[in-house]
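K.L.:
Take a look and give me a structure for this.
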Amino acid sequence: MTSFAKIPATIVTGFLGAGKTTLIRHLLATAQGRRLALVINEFGDVGVDGEILQACGDEACSADRIIELANGCICCTVADDFLPAIERLLALPEPPEHIIIETSGLALPKPLVKAFDWPAVRSRLTVDGVIAVVDGAAAAEGRFADDPARLARQREADPSIEHDNPLEEVFEDQLLCADLIILNKTDLIGAEDQARVSAEIAASVPRAIKIVAAREGRIDAAILLGLHAATEDDLAARPSHHDSEAEHDHDDFESIIVDMDAIEDSGALMRRLAEVVERHDVLRIKGFLELRGKPMRLLVQGVGARLQQSFDRPWRPGEPRRGRLVMIGEKGLDAAAIAQALAPSAF
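P.N.:
Model (predicted):
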């Protein structure tokens, strides 16, 4: 097949809680009838992101075109998970016109792009573009932008200090592979911080890449799709911290699942979750809960100390009203202590 006959695929990458799923949900709402398919890679084994996307009610959210990969980071399980998922989508009676791939927050996009150069994939698909979503508020706080001069001073003052920052490397690798960078959550930062963060990002990427500001992931499909980057043919221009490694290490992170009964007071829960985040250094929270007496499912999401709640959709007839939260943090999360802190008797 010639290149124009290939099905385009867009890879959406970004650190934990940057807003990838929200961005995709808005993309679905603005697809204007385009037949899309989704491949979602989650960290943990609860299909929260898939549930969020299916809840949008759009035709593009039909279950047969949403595939969740929860067996590990997609960039480390390409052959075992990604390729079968793509084969399944291409075998549909009406194959998708465009495939959206949401990576986990810990995934490196470059190994996934390399998979599009495999003969079985290259003849059918092309990478329309890699979109990196950045949490503007977190970046404004300098959470993933180490100062080289300051690190040099720290090294001189304390030769034993550990300068390697795996979160920093993952963040930078996502930017370095991007064709479009979305600076999300700009409603949480001022114009001066937004300009500074945009300049820092542009300086860290050795290619001219468009940086688009967004609030709550509100970027239309017309902007996100149709980049025609053919990223798989341009890997040499996308350096990575892990180019010389066969795989990267996820041992610094883990996820736990907390099953929860119906709650009476969502405000009390959010206060308790804030305490759990602070005490146990939780990076990311996402999940669903039943608020007693309410017909709608309560969606809870959190990035660090920033927690949000909203009603997602009505509970379906006969659907088990189970509450379940996924929490992601650095290795050593105390699952028992967190579960105890969120027990009904605790608040």
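
K.L.:
Poorly predicted segments of this structure, please.
P.N.:
Scanning the chain for pLDDT under 70 picks out 1-4, 42-64, 69-81, 144-167, 242-253, 346-347.

K.L.:
Can you give me the domain boundaries for it?
P.N.:
Following automatic domain parsing, the chain resolves into domains at 3-237, 253-346.

K.L.:
helices or strands next to whichever strand in the chain runs longest in the packing?
P.N.:
Assignment by DSSP state E gives strand 125-135 as the longest strand of the chain. Secondary-structure packing of strand 125-135 (3 or more Cβ pairs under 8 Å, 6 or more residues apart in numbering; DSSP states H and E): strand 7-14, helix 20-29, helix 109-115, helix 166-176, strand 180-184. Any C-beta I mention is one placed from the backbone N, CA and C, and that applies to glycine too.

K.L.:
chain center to it: distance?
P.N.:
Offset of strand 125-135 from its chain centre (Cα atoms, centre = their mean, to the nearest Å): 12 Å.

K.L.:
Strands along the stretch 1-150 of the chain, start to end?
P.N.:
7-14, 36-41, 66-69, 98-102, 125-135 (DSSP state E, counting those that start in this stretch).

K.L.:
can you redo the ones you listed as JSON lines with distance to S255?
P.N.:
As requested, the strands of the stretch 1-150 of the chain are exported to JSON lines (distance: least, Cβ to Cβ, whole Å):
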{"stretch": "strand 7-14", "distance to S255": "17"}
{"stretch": "strand 36-41", "distance to S255": "13"}
{"stretch": "strand 66-69", "distance to S255": "14"}
{"stretch": "strand 98-102", "distance to S255": "16"}
{"stretch": "strand 125-135", "distance to S255": "19"}
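
K.L.:
what's the closest of these to P344?
P.N.:
Nearest of the strands of the stretch 1-150 of the chain to P344, taken as Cβ to Cβ: strand 66-69 at 29.5 Å.

K.L.:
Each with direction, which strands does that closest one pair with?
P.N.:
Strand pairing for strand 66-69, determined by DSSP bridges: strand 36-41 (parallel).

K.L.:
orientation of the partner strand relative to helix 20-29 in degrees?
P.N.:
With axes from the mean of the first three to the mean of the last three Cα atoms, to 10 degrees defining the directions, strand 36-41 sits at 170 degrees from helix 20-29.

K.L.:
show me the contacts for the residue nearest to L188 when sequence neighbours are not counted.
P.N.:
Among residues not flanking L188 along the chain, A137 sits closest, at 4.0 Å (Cβ to Cβ, 6 or more residues apart in numbering). Taking Cβ atoms under 8 Å, 6 or more residues apart in numbering, we find A137 in contact with K185, L188, I189, R306.

K.L.:
For A203, find the nearest of the helices and strands packed on strand 125-135.
P.N.:
Relative to A203, the nearest member of the helices and strands packed on strand 125-135 by Cβ to Cβ is helix 166-176, separated by 10.6 Å.

K.L.:
helices and strands around the closest one, which ones?
P.N.:
By 3+ Cβ pairs under 8 Å, 6+ apart, helix 166-176 packs against helix 109-115, strand 125-135, helix 191-204.

K.L.:
can I assume P295 is in contact with P317?
P.N.:
No - P295 is not in contact with P317 according to Cβ atoms under 8 Å; the separation is 10.9 Å.

K.L.:
and these two? which has more neighbours close in?
P.N.:
Neighbour count, other Cβ atoms under 10 Å: between P295 and P317, P295 has more, with 9 against 5.

K.L.:
roughly how far apart are the closest residue to that one other than its chain neighbours and K294?
P.N.:
Excluding the flanking residues, the one nearest P295 by Cβ to Cβ, 6+ apart is P314, at 5.4 Å. Using Cβ to Cβ, to the nearest Å, P314 is found at 10 Å from K294.

K.L.:
Likewise for V113?
P.N.:
As defined by Cβ to Cβ, V113 lies at a distance of 43 Å from K294.

K.L.:
With neighbour numbers in mind, choose between these two.
P.N.:
Between V113 and K294, V113 has the larger neighbour count (other Cβ under 10 Å), namely 22 against 14.

K.L.:
Quick one: residues contacting that one.
P.N.:
Contacts of V113 by Cβ under 8 Å, 6+ apart are I11, V127, V130, C177, T231, E232, L235, R238.

K.L.:
May I see these organised as CSV, with distance to E97 and neighbour count added?
P.N.:
As requested, the contacts of V113 are exported to CSV (distance: Cβ to Cβ, whole Å; neighbours: other Cβ atoms under 10 Å):
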residue, distance to E97, neighbour count
I11, 17, 28
V127, 15, 30
V130, 19, 29
C177, 24, 26
T231, 19, 26
E232, 19, 19
L235, 25, 17
R238, 26, 21
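
K.L.:
ok, those residues vs R322, which is closest?
P.N.:
The closest of these to R322 turns out to be I11 (Cβ to Cβ; 31.6 Å).
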